[in-house]
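# pasted the sequence and its predicted model underneath.
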Amino acid sequence: MERHKIIPGVSVVIKRDNKILLLKRSQRCSSPGLYCTPGGHAEAHETLRQAAAREAFEEIGIQVAVVDLVFTHLMHHNAERGECLITYFTAQKWQGEPYNKEPDIHDDMGWFDVNQLPENILISNKVALEKSDAGIYYSEYGWI
C-alpha cells in the first residue's frame with residue numbers, strides 16, 4: 001500500500017480595517033497574474049505556525065509571533081503539481097508594515113476589501129477564505 005506524500009503548505013491571512021492583504025504572482029510562479037495570500041511550504045523540522053511566521057517575514061517583511069497565528073481553515077488541495085494540505089492562519093497582530101519583500105516573485109501587493117476580492121484571485125484561496133468566513137474549517141479543492 002502506498003502512503004500519501006502530501007506537501008504541508010501554509011497561508012497567512014493578514015486583515016486590517018476590513019481589508020485583506022494579497023500578493024500578485026509574477027510570471028516566475030505557478031498561476032502567474034493571480035493574487036494570493038502570503039504563504040508557502042513548511043520546511044523540515046518546523047511546525048506549521050513556525051512556517052507561517054517565516055513565510056510572512058520572507059514575503060511581506062512582518063514579524064508574527066506563532067502565538068498570534070490562529071488556525072482558520074484546512075484545505076486538501078489537488079493541484080497540478082501534486083496534492084498538498086494548506087493550513088490557513090490569521091495573524092491577530094504583527095510588527096512592522098507589510099511590503100512586497102520579494103518583487104522578483106510578486107508583481108504587486110495590495111489591500112482589498114474582504115467583500116470585494118479581485119477577479120484575478122487564486123480560486124483555491126478564494127474558496128478557503130469564503131469557507132473560513134462561513135465558519136467552515138475544512139474543505140477539499142481540485143478533486144473531481
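Looks like it arrived, so ask away. Numbering: from 1, shown residues only.
# CA atoms for contacts and neighbours, from now on please.
Noted.
# tell me the helix or strand right after the longest helix anywhere in the chain.
Counting residues, the longest helix found in the chain (DSSP state H) is helix 48-60. Note on helix 48-60: by DSSP states H and E, the next helix or strand toward the C-terminus is strand 69-79.
# got the angle for that next one vs helix 48-60?
80 degrees (axes from the mean of the first three to the mean of the last three Cα atoms, to 10 degrees).
# list the buried residues of strand 69-79.
69, 71-78 (16 or more other Cα atoms under 10 Å).
# between those residues, which sits nearest residue 49?
Nearest to residue 49 out of the buried residues of strand 69-79 is residue 69 (Cα to Cα; 6.7 Å).
# for beta bridges, what are the partners of that closest one?
residue 91 (DSSP bridges).
# just the element for the residue nearest the centre of the chain, please.
Centroid-nearest residue in the chain, with Cα atoms, centre = their mean: residue 11, separated by 2.5 Å. In this assignment (DSSP H and E), residue 11 forms part of strand 7-13.
# then that strand to PDB, C-alphas only?
Written as PDB, here are the backbone C-alpha positions of strand 7-13 (Å, rounded to 0.1, in the frame of the first residue of the first chain):
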ATOM      1  CA  ILE A   7       3.200  18.500   1.000                       C
ATOM      2  CA  PRO A   8       2.300  20.700   4.000                       C
ATOM      3  CA  GLY A   9       1.600  24.200   3.000                       C
ATOM      4  CA  VAL A  10       0.700  27.400   4.900                       C
ATOM      5  CA  SER A  11      -1.200  30.500   4.100                       C
ATOM      6  CA  VAL A  12      -1.200  33.700   6.200                       C
ATOM      7  CA  VAL A  13      -4.300  35.800   6.300                       C
END
